[in-house]
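Colleague: generate coordinates for the sequence data below:
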Amino acid sequence: MKDISHYPLILPPRGLSTWNLVDAIFKKHGLSYQVAMEVGGWEVIKKYVELGLGISLIISIGITGQEKLEVIPP
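Modeller: Numbering: from 1, shown residues only. You can find the predicted model right below:
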């Protein structure tokens with residue numbers, strides 16, 4: 001978590017369960033983070049990550065293998 005805390009995050013809109021989970025994990029590790037943007041929809045998030053606008057944390061079912069992304073397993 002410390003390694004990724006230095007990169008801007010692209011997250012779903014605030015208030016969704018993913019946002020709360022990410023926030024809780026960073027707080028648990030005592031790390032701050034920066035949200036570059038809030039975007040609705042996994043496909044849009046993946047596209048912005050592909051464009052180099054930030055990184056994201058998504059569930060593995062959202063990755064098809066067709067994306068131009070680097071996946072770091074948990």
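
Colleague: find the least confident helix or strand in the chain, judged by mean pLDDT.
Modeller: The helix or strand of the chain with the lowest confidence, counting by mean pLDDT, DSSP states H and E, is helix 17-28 at a mean of 91.

Colleague: residues contacting that one, please?
Modeller: With C-beta atoms under 8 Å, 6 or more residues apart in numbering as the test, helix 17-28 has contacts from 1, 5, 9, 11-13, 32-33, 38, 57-58. Where C-beta positions appear, they are placed from N, C-alpha and C, glycine not excepted.

Colleague: tell me where this structure has helices.
Modeller: Taking DSSP state H, the helices of the chain run over residues 17-28, 42-50.

Colleague: most tightly packed of those?
Modeller: Counting by mean count of other C-beta atoms under 10 Å, helix 42-50 has the highest mean neighbour count of those, with a mean of 17.

Colleague: pLDDT on that helix, on average?
Modeller: Across helix 42-50, the average pLDDT comes to 93.

Colleague: packing partners of it?
Modeller: strand 9-11 (3 or more C-beta pairs under 8 Å, 6 or more residues apart in numbering; DSSP states H and E).

Colleague: next, the buried residues of the strand it packs on.
Modeller: Using 16 or more other C-beta atoms under 10 Å as the test for burial, strand 9-11 gives 9-11.

Colleague: which residues touch the most centrally placed residue in the chain?
Modeller: The centre of the chain sits closest to residue 56, judged by C-alpha atoms, centre = their mean, with a distance of 1.8 Å. Contact analysis of residue 56 by C-beta under 8 Å, 6+ apart lists 9-11, 45-46, 48-49.

Colleague: distance to residue 67 added to those, as a markdown table?
Modeller: A markdown table is the format used below for the contacts of residue 56 (distance: C-beta to C-beta, whole Å):
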| residue | distance to residue 67 |
| --- | --- |
| 9 | 17 |
| 10 | 13 |
| 11 | 17 |
| 45 | 11 |
| 46 | 5 |
| 48 | 12 |
| 49 | 8 |
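
Colleague: which one of these is nearest residue 65?
Modeller: Nearest to residue 65 among the contacts of residue 56: residue 46, at 11.7 Å, using C-beta to C-beta.
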